[in-house]
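> Generate a structure from the sequence data that follows.
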Amino acid sequence: MDPRRLVASLTLVALMATAAGCSSSSSATPAAGHRTPAPTVAPIRSTTTTTTNPSVTPTTVPVTVPHAAGWTLALTTLPPGGGFTSLACLSNTLCVAAGGGTTGSSADLLSGAGVTVSWDGAVWSSPSVYFPAPATGAVTQPVLPSIACTSGPLCVIVDGSGHQSTGDGTNWSDPAPVGTPPPLPPNPSDPGPGRPGSRTLAVSCPSPTLCAVVDNTGHATTMRNHVWGTPQSFGTTQGTGGTRVSLYQGGRVGVSCPSPTSCTAVVGTTVLDWNGSTWAAEAAPWTTALAPGTETPVSIACPTLTLCAVVNGDDIVVRDGGSWSPRQVLDPGRQLDSIACPTRSFCVAADDTGAVMTWNGSAWSGPAQVVPAASQYPGNGVSVACPSAQFCMVMNADGDYATYNGPGTTAAP
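Below you'll find the predicted structure:
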């Protein structure tokens, strides 16, 4: 057996091989398995469409990547004006990708309107603008949008400029502030809006009545019945007994909610937990805190109330009802950007090169390339969304994507 598969399987085999659980969401993965009736949603006013960002003509063409078993051929969709930074899928016929805005991680430092595109199982829609670009002046927001969707459909977009917008994947409310958090000391690693390492947020919506949001500057908040609560602020460091960990993260952060009363977020080297009423910091799964600004992007997936998996750099840690496992190398020498676990026995982790690793309940597969590494927006990360163990989508920031249709399949688009 490949040593990295053995190492990962020894850590996870006892944790993830029993009892199927409900699906969850992460910073780039929506809640799934909670198919409650759609609520009465506040009216959504569509913003005016613009051509500042992507072309209004959808395109889907193949890109050069070897065909991986179980995955479709890699395709490319609309060229984003600022790069796709987040992906949510409710089923194999509804996915929504968010991007645009100010993305200082892109090669060309492009900026413009914040947009979404939706997928119906075959083709992508024309872009829908949720955050219009200003008519004049520099574009400083939105910053690195993150999206989560739940039944209804109800989708929520949050971004690093502190705004949120709700919609159905096509029509969006006007952006509004998430809330004014209690003040914290300045983030020493924040280079300013629209630059690499600037403020980022993550969102997870386990039901149409609750969404949870965390950012990389020590704030966490929730939305109940479309009303945002006052964000909680955590200090620059948290910890006891001489263990102090950073709450400032220089990249992606993650949050996953398997239920409306249970969420876990990871920010830098800190873990935050939501119990249905308040957020609290718990002991970090990492024994050594990294200096502010040196942390790698993190992503979390919690398929059940007791099970969560976190990827950070090339490592993975797992918690199953108790303490976190030791850090184990999953993807040597690479950077894991996102993870999705719809059940205990199925997970997909994606790295920054466009390769994925799959957990089958007993072992992780080796990396398999399913989309190319982003070339136009290499710093924005790769997103994965898995509403079930029979369907996943992986997308890089350039808009190249591939879908998973179950083990052993060789389905073409």
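
> Quick one, grab the pLDDT at the closest residue to Pro367 other than its chain neighbours.
Among residues not flanking Pro367 along the chain, Ala355 sits closest, at 3.9 Å (CB to CB, 6 or more residues apart in numbering). C-beta here means a position set from N, CA and C on the backbone, and glycine is covered the same way. We note a pLDDT of 96 for Ala355 in this prediction.

> The chain should start at 16 in everything you say after this.
All right, first residue 16 from here; so that's Ala370.

> I'd like the next helix or strand past the lowest-mean-pLDDT helix or strand in the chain.
Sorting the helices and strands of the chain by mean pLDDT, DSSP states H and E puts helix 18-31 at the bottom, at a mean of 32. Using DSSP states H and E, the helix or strand that follows helix 18-31 in sequence is strand 76-77.

> For that following strand, which outside residues touch it?
For strand 76-77, the surrounding residues in contact (CB atoms under 8 Å, 6 or more residues apart in numbering) are 88-91, 428.

> again, 7 Å this time
Defining contact as CB atoms under 7 Å, 6 or more residues apart in numbering, one finds that strand 76-77 is touched by 88-91.

> okay, now the closest residue to Gly98 other than its chain neighbours: neighbour count?
In space, and not counting its chain neighbours, Gly98 is closest to Tyr392: 3.3 Å by CB to CB, 6+ apart. Using other CB atoms under 10 Å, Tyr392 has 24 other residues around it.

> Report the buried residues of stretch 216-227.
For stretch 216-227, a neighbour-count test (16 or more other CB atoms under 10 Å) marks 216-223, 225-227 as buried.

> if we take those residues, which one ends up nearest to Arg359?
Pro221 (16.8 Å; CB to CB).

> Look up how far Val326 lies from that closest one.
Taking CB to CB, to the nearest Å as the measure, Pro221 falls 20 Å from Val326.

> what does Leu102 give?
Taken as CB to CB, the span from Leu102 to Val326 is 16 Å.

> Kindly report the same for Ser133.
In terms of CB to CB, Ser133 sits 27 Å off from Val326.

> In the stretch 316-428 of the chain, where is pLDDT below threshold?
Per-residue confidence for the stretch 316-428 of the chain (pLDDT under 70) gives these ranges: 422-428.

> At which residues are the strands of it located?
322-327, 330-335, 343-344, 351-358, 361-366, 370-374, 383-384, 397-403, 406-411, 415-419 (DSSP state E, counting those that start in this stretch).

> Quick check, Thr181 in contact with Ser188.
Yes. Shown here, Thr181 and Ser188 form a contact pair, counting by CB atoms under 7 Å, at 5.1 Å.

> model confidence over stretch 90-109, on average?
The model assigns stretch 90-109 a mean pLDDT of 81.

> ok so, going back, and Ser133 and Val326? Which one has more around it.
Val326 (29 against 21).

> What's opposite the nearest residue to that one once chain neighbours are set aside in the beta bridge?
With CB to CB, 6+ apart as the criterion, Val326 has its nearest non-adjacent residue at 3.8 Å, and that residue is Leu351. Beta-bridge partners recorded for Leu351 (DSSP bridges): Asp366.

> now the helices for the stretch 116-265 of the chain?
With helices called from DSSP state H, counting those that start in this stretch, the stretch 116-265 of the chain shows none.

> which residues touch the nearest residue to Ala364 once chain neighbours are set aside?
Excluding the flanking residues, the one nearest Ala364 by CB to CB, 6+ apart is Ile354, at 4.4 Å. Taking CB under 7 Å, 6+ apart, we find Ile354 in contact with 41, 314, 316, 324, 326, 362, 364, 399.

> And the furthest pair within these?
Using CB to CB, the pair of these lying farthest apart is Ala324 and Val399, separated by 12.6 Å.

> show me where pLDDT drops low in the stretch 66-215 of the chain?
Checking the stretch 66-215 of the chain against pLDDT under 70 turns up 66-75, 93-97, 116-126, 151-156, 196-214.

> let's go with 50 and repeat that
66-73, 95-96, 121-123, 208-212 (pLDDT under 50).

> so where do the strands sit in it?
Going by DSSP E, counting those that start in this stretch, the stretch 66-215 of the chain shows strands at 76-77, 90-91, 99-106, 109-115, 129-134, 143-146, 161-165, 169-173, 178-182, 191-192.

> The longest one pairs with which strands, parallel or anti?
Strands adjacent to strand 99-106 in the sheet, as given by DSSP bridges, are strand 109-115 (antiparallel).

> before we move on, the earlier item: sort out which one of the contacts of Ile354 lies nearest Gly114 for me.
Nearest to Gly114 among these, with distances taken as CB to CB, is Val399, at 15.3 Å.

> Settle this for me: that closest one is touching Phe406, isn't it.
No. Counting by CB under 7 Å, Val399 stays clear of Phe406, with 11.5 Å between them.

> what about those two, which has more around it?
Val399 (27 against 20).

> Let me see the contact set for that one.
With contact taken as CB under 7 Å, 6+ apart, Val399 is in contact with 43-44, 353-355, 363, 365, 371, 407, 409.

> can you tell me how far Val76 sits from Met372?
For Val76 relative to Met372 (CB to CB), the value is 27 Å.

> Repeat that for Gly394.
22 Å.
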